[in-house]
Every structure is written in C-alpha cells, then in structure tokens.
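*Asks:* Build me a model:
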Amino acid sequence: MQLVYEQFSNINLSDPIFDSLKTDYAEFEMWFAKKAADRAYVFFGKAGSLDGFLYLKIETEAVSDVNPPLPAAKRVKVGTMKINPHGTRLGERFLKKIFDHAVTQRAVEIYMTVFDKHGALVSLFERYGFRRMATKTTANGAELVLVKSMLNAEGSILERYPLVKISGQSIYLLSLYPKWHTRLLPDSILNTEDASIVQDVSHTNSIHKVYLAAMRGLEKVHPGDVILVYRTSDGSGPAHYRSVATSVCVIEEYRDINSFSSWEDFAKYCSPYSVFNQAELQEFWRTKKYPHVLRFTYNFALPKRVTRGAMIESMGFNAEDYWGFMEISRTQFQSVIRAGALNEGLIIR
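*Replies:* Numbers count the residues shown, from 1 in each chain. All right, here's what the predicted structure looks like:
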C-alpha cells in the first residue's frame, strides 16, 4: 500500500469513494473545487480507484461554529477522511499521518467532525484519545466534534499516543540491523535527515509494530517501557559514525514465542504489524530461533540522527557495553532526545 500526497486538481471527484461524502454534505463538490491547489493523502487500490482520502489543515483561530466553541489554539483539523475498508488497517495508517502532522507543526490539539452513524470511525479515534467535546449543527445535520489533546499524558498507552511517558518506566536501547530497520520504521531511514511527513510514502507507516529477536534481556520489558531504537552500521563506514539512534517507541506487550498455542495463533498476532513476511515468520515458528516477540508503538523518528560516536563521547554511553539490547539512564535518553532535535514537550517526565 502506498500513500501519495496529491494535489486536489489531480484527484478524480467522480471516484466512488466520494459518493457518500456528496450525500452527507450538500456543498462537498463546491468545497472540493475550491481546494484545487491544496493537497491530500490518497491511497489507490489495485484496480486504480481510490481506497483512501485524507485532507489535513492547520488552524490557529477559535472554532466558533461548534457548541461549545473551542478557544483559539494551534490545531490540526482533519478536514476530510474517507476509507474503503479492506482489512488493510488504512485507518490506523491515516491516524499515524495525522499525529505526524501534529508533532511536526507543534499543534496542541487535533479535531474533526463526524456523523454519529460512522460508529467504527468514531471508535477508532476514541481508542487513540479523541474525546467528544462539542457538536456542530448545519443544514446537513448534527455532527460530533472529536478533539485530541497533544498535551494530555493521562490514560492508556494508546490514549496518550504519541506522547511518551518516562516517569516510572524503564528505558532501553534496542539495536536493529539496517535491512530490518528500514522495513519496520520507514520514517527513520538514515538518508532522511529531516523526517519529512510529506516525502514518506511507505506502506509500512503504521502505529503498531511487532518484532522478533533473540537478544538476551528482552524478556524483562514491561508495557509502557520506552525503547530508543539504534540502527547498526550499514557497512559504508565506521560504526562510530554510521550507527545511529533513530526512533522512540513504547512497549505494548512482550510475549515468548512458546506462549502461542499454534502457528495460526502466532501468525494472527504477528502478521498485521510485523516487519517479517509470511515465509520468514513460518521459519521463525519452526526453529524458535527468535523467542522474544515485542509489540510496540512507533511514536517518533528523531529529526536528527545521533551517532554512536556522539553517544559515547558526550552522552555517557560505554563503548564496551552490549549495544544489542541494554537499559539506559533517563539522563542518557534525554541527552539523545535533545541532540536528535525532538520536541522535548513530547516526553512526559
């Protein structure tokens, strides 16, 4: 699946995906025409027709056409989101894009309006911390106004996503080989020094990830623990300069591969979010070579990669430690975050 950031003028308004929007909103076609120079994320299915459409807008003024009104603040407005569900979890991938925009733009809130009849969509957004804060009534009917605070660290791991809470949690460094790293964390590829949300069109850009490994110590992680992902050298130069910290993730669950009752149970758990293909998963199940199964959320790519050399020379890391998987201090983690130019307001201490 590939998301494309496309200009409205190049999108076919006659595509069937827009039929329900034309029915729900009498002014939709006129609105679409006015947006000719703007861009939206689109996903084209195998037949060439649209299976997904997402339009986002940055606003700073008060939202006065809802009841109660929302005070002035920097927000990402989900102007239009439409999906043809095919079991692809496109909704979650669109949510990742929405959160990426909010992080990059330093927005304090995200909001959208939606008719209550779209229950599955409402449930999806509420799962990630959106709340019913107001209503909007027009000639088209009454809509819910769902609002997500980018400052609220309360609730579950998903409800506060993408914020990372380090208070009371352990923090670990986890190494990934380059071939797995790019497949698993597309925002964090080494040659993208600015993790551009516009240029990234990878089909693997999702919130949840599943990874298998054999490194010692992984069995001690707990839900909520923080992972600093470290990409090992690609062989193009010394690891001192080519191995880099790239991403911040949060553990959702740890499982031993032997806890699954069958291959089918294992495949059902791993396949939707795994970096590994079906053949690789079958081999892992047969050999039990990688017993540790990690499920985690992909929260941030560091805008600037932090080299192994910098981590050793100025951030208190020991070159003699085992860098495959190791616990790190809060001070070390915060030093990497600062050097990586991540907005420190996203880390809840």
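*Asks:* all contacts plus neighbour counts: C-alpha atoms, from now on.
*Replies:* Fine.
*Asks:* so how far is the host helix or strand of residue 79 from its chain's centroid?
*Replies:* According to DSSP states H and E, residue 79 maps onto strand 75-83. Put simply, strand 75-83 sits 16 Å off its chain's centre (C-alpha atoms, centre = their mean, to the nearest Å).
*Asks:* Are there helices or strands packed against it, and which ones?
*Replies:* strand 50-59, helix 90-104, strand 109-114 (3 or more C-alpha pairs under 8 Å, 6 or more residues apart in numbering; DSSP states H and E).
*Asks:* so what does the shortest one touch, helix or strand wise?
*Replies:* Right, strand 109-114. Counting by 3+ C-alpha pairs under 8 Å, 6+ apart, strand 109-114 packs on strand 75-83, strand 141-149.
*Asks:* As JSON lines, the ones you listed with mean pLDDT and distance to residue 257 would be great.
*Replies:* Compiled in JSON lines, the helices and strands packed on strand 109-114 are given as follows (pLDDT from 0 to 100; distance: least, C-alpha to C-alpha, whole Å):
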{"stretch": "strand 75-83", "mean pLDDT": "95", "distance to residue 257": "34"}
{"stretch": "strand 141-149", "mean pLDDT": "97", "distance to residue 257": "36"}
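*Asks:* Out of the ones you listed, flag the one nearest residue 258.
*Replies:* Among the helices and strands packed on strand 109-114, strand 75-83 comes nearest to residue 258, with 36.7 Å by C-alpha to C-alpha.
*Asks:* what angle separates the closest one from strand 141-149?
*Replies:* Here the directions of strand 75-83 and strand 141-149 differ by 120 degrees (axes from the mean of the first three to the mean of the last three C-alpha atoms, to 10 degrees).
*Asks:* Contacts for strand 75-83, please.
*Replies:* The contact list for strand 75-83 (C-alpha atoms under 8 Å, 6 or more residues apart in numbering) reads 17-18, 51-60, 90-91, 98, 101-102, 107-113.
*Asks:* Next: stretch 136-156.
*Replies:* With C-alpha under 8 Å, 6+ apart as the criterion, stretch 136-156 contacts 24-26, 65-67, 102, 107-116, 125, 129-135, 160, 162-163, 165, 346, 348.
*Asks:* what about 7 Å?
*Replies:* With contact meaning C-alpha atoms under 7 Å, 6 or more residues apart in numbering, stretch 136-156 is reached by 24-25, 65-67, 108-116, 129-135, 160, 163, 348.
*Asks:* thinking again about what came up before, quick check: which of the helices and strands packed on strand 109-114 is nearest to residue 290?
*Replies:* Ranking those by proximity to residue 290 (C-alpha to C-alpha) places strand 75-83 first, at 35.8 Å.
*Asks:* that older thread, buried ones among the contacts of stretch 136-156?
*Replies:* Neighbour-count burial (16 or more other C-alpha atoms under 10 Å) applied to the contacts of stretch 136-156 gives 66, 108-115, 129-131, 133-135, 160, 163.
*Asks:* one step back: can I get the helices and strands packed on strand 75-83 in TSV including mean pLDDT and distance to residue 256?
*Replies:* Below are the helices and strands packed on strand 75-83 laid out as TSV (pLDDT from 0 to 100; distance: least, C-alpha to C-alpha, whole Å):
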stretch	mean pLDDT	distance to residue 256
strand 50-59	95	36
helix 90-104	89	26
strand 109-114	98	37
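*Asks:* okay if I get those as a markdown table plus distance to residue 208?
*Replies:* Formatted as a markdown table, the helices and strands packed on strand 75-83 follow (distance: least, C-alpha to C-alpha, whole Å):
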| stretch | distance to residue 208 |
| --- | --- |
| strand 50-59 | 19 |
| helix 90-104 | 9 |
| strand 109-114 | 20 |
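*Asks:* So for residue 169, which of the ones you listed sits nearest?
*Replies:* Smallest distance to residue 169 across the helices and strands packed on strand 75-83 (C-alpha to C-alpha): 22.4 Å, for helix 90-104.
*Asks:* Report the angle between the closest one and strand 109-114.
*Replies:* In terms of direction (the same axes, to 10 degrees), helix 90-104 departs from strand 109-114 by 140 degrees.
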